[in-house]
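Engineer: attaching a predicted model along with its sequence, questions to come.
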Amino acid sequence: MWTLIAGVVVVALELAVGSLYLLWYGLGLIISGAVGWALGSEDWIIQGVAGLTIGLVLMVAFKKRLAEKVLGKKITDEFLLEAGEGVIKEGGLVEFRGTMWQYDTDKNESFEINETVIVKPTKANRVFVKKIV
């Protein structure tokens, strides 16, 4: 019973946070809690472990599909293989998609700090940048 209640609380937290991670664990806890309650089991530790395992399986199986449906666009796992814009930072680094990367240029161009550049797909933990024309 406690696992079922914990699952409902976790799903309610998900509604406040909106990350789509807590949803799966909450559903797993609800499923294992409901099954344990129906079978008359009082072992909340086993129900909790089973619920978290079910949640992990649900997350791996359905998170990407649900996110694509909710957001209305295709989610790619290889987002660093797509070109985008980055900002040149100190020390020969470019900030791209929330991470600092060392970069190479095709023509040994020079860049100023805080300059926005085009970042080409990554290769060997480095990115390639070029000026925006």
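Structural biologist: Nice, I can see it.

Engineer: what's the helix or strand where I31 lies in contact with?
Structural biologist: Here I31 sits within helix 22-39, counting by DSSP states H and E. Helix 22-39 is contacted from outside by 1-14, 42-44, 46-48, 50-59, 62-63, using CB atoms under 8 Å, 6 or more residues apart in numbering. C-betas here are computed from N, CA, C, even on glycine.

Engineer: just the buried residues of these.
Structural biologist: 3-4, 6-7, 10-11, 14, 44, 47-48, 50-52, 54-55, 58-59 (16 or more other CB atoms under 10 Å).

Engineer: residues in contact with the strand or helix carrying V94?
Structural biologist: Element membership of V94, judged by DSSP H and E, is strand 93-96. For strand 93-96, contacts defined as CB under 8 Å, 6+ apart pick out 84, 86-89, 100-103, 117, 119, 127, 129.

Engineer: cutoff 6 Å now
Structural biologist: With contacts defined as CB atoms under 6 Å, 6 or more residues apart in numbering, strand 93-96 is touched by 86-89, 100-101, 103, 119, 127, 129.
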